[in-house]
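Engineer: Build me a model:
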Amino acid sequence: MDLIARVSRQFEDSAQTKLASIEWLALPIVEAIEVMTACLVNSGKILACGNGGSAADAQHFAAELVNRFELERPPLAAVALTTDSSVLTSIGNDYEFTQVFAKQVCALGQTGDVLLAISTSGNSANVIDAIAAAHERGMRVVALTGKGGGKIAELLRVDDVHLCVPADRTARIQEIHLLVLHCLCDGIDCLLLGVED
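Structural biologist: Numbers count the residues shown, from 1 in each chain. Reported below is the predicted structural model:
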């Protein structure tokens with residue numbers, strides 16, 4: 001087995017998938033930046049959720065907003081719903097795992113807040129329930145998916161934003177999700193700080 005060739009193919013496939021996604025994702029990324037920035041400017045917060053690697057992405061995104069991305073600025077209100085083990089396990093034990101994010105959205109979410117819902121397949125039951133809870137609370141949703149968007153694509157409202165990576169391979173979707181999250185952080189900072197270039 002030629003591992004160098006295999007690794008090279010991974011890099012090439014990742015790069016090609018990212019380049020092929022630009023036309024598909026650029027406009028909805030701009031829409032998501034505008035939705036999130038308006039939320040933050042109006043004293044709202046962004047709640048983020050996902051499972052597995054998407055949970056890590058939710059935490060990564062919240063950290064970039066609360067701390068900083070690349071530019072110095074005041075902290076921004078963001079919470080990853082994936083981090084409190086006591087909350088997650090109590091909800092999972094007393095109710096069911098599909099409710100671990102929805103109950104937190106009901107407790108913390110307010111009208112004008114934004115839910116960042118991350119699911120590579122678009123079919124994560126607990127993320128789907130979180131979206132329903134966000135809609136009930138008058139929140140907008142920015143959904144980050146792949147594989148056609150799954151069930152989440154059917155749940156989104158006209159004022160929500162769907163960032164659906166045009167790929168089927170989970171690794172490629174996750175790689176682009178991280179790039180999209182960095183684009184969101186950069187765009188939010190640019191709008192808040194008036195960066196021109």
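Engineer: Tally up the residues packed near residue 194, please.
Structural biologist: 7 (other C-beta atoms under 10 Å). C-beta here means a position set from N, CA and C on the backbone, and glycine is covered the same way.
Engineer: where does residue 81 land on pLDDT?
Structural biologist: You'll see residue 81 listed with a pLDDT of 98.
Engineer: repeat for the one 5 residues further on
Structural biologist: pLDDT recorded at residue 86 is 98.
Engineer: Wait, a strand at it?
Structural biologist: No - checked against DSSP: H, G, I helix; E, B strand; the rest coil, residue 86 lies outside a strand; its state is helix.
Engineer: That one - how many residues pack around it?
Structural biologist: Residue 86: 7 neighbours (other C-beta under 10 Å).
Engineer: do you know how far residue 148 is from residue 11?
Structural biologist: If you measure residue 148 against residue 11 using C-beta to C-beta, to the nearest Å, the figure is 25 Å.
Engineer: With neighbour numbers in mind, choose between the two.
Structural biologist: More neighbours surround residue 148 than the other of residue 148 and residue 11, with 13 against 9 (other C-beta under 10 Å).
Engineer: Can you check the pLDDT for the more buried one?
Structural biologist: 96.
Engineer: pretty sure it belongs to a strand, no?
Structural biologist: No - according to three-state DSSP, residue 148 belongs to no strand; its state is helix.
Engineer: isn't it right up against residue 164?
Structural biologist: Yes - Residue 148 lies in contact with residue 164 (C-beta atoms under 8 Å); the separation is 6.9 Å.
Engineer: Quick one: the strands in this protein, in order.
Structural biologist: With DSSP state E as the criterion, the chain has strands at 46-49, 78-80, 114-118, 140-146, 161-165.
Engineer: Helices along this protein, start to end?
Structural biologist: Per DSSP state H, the chain carries helices over the ranges 3-41, 53-66, 85-94, 102-108, 125-136, 150-155, 170-193.
Engineer: how about JSON lines for these, with distance to residue 115 added?
Structural biologist: Listed next are these as JSON lines, based on distance: least, C-beta to C-beta, whole Å:
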{"stretch": "helix 3-41", "distance to residue 115": "10"}
{"stretch": "helix 53-66", "distance to residue 115": "10"}
{"stretch": "helix 85-94", "distance to residue 115": "16"}
{"stretch": "helix 102-108", "distance to residue 115": "6"}
{"stretch": "helix 125-136", "distance to residue 115": "4"}
{"stretch": "helix 150-155", "distance to residue 115": "11"}
{"stretch": "helix 170-193", "distance to residue 115": "14"}
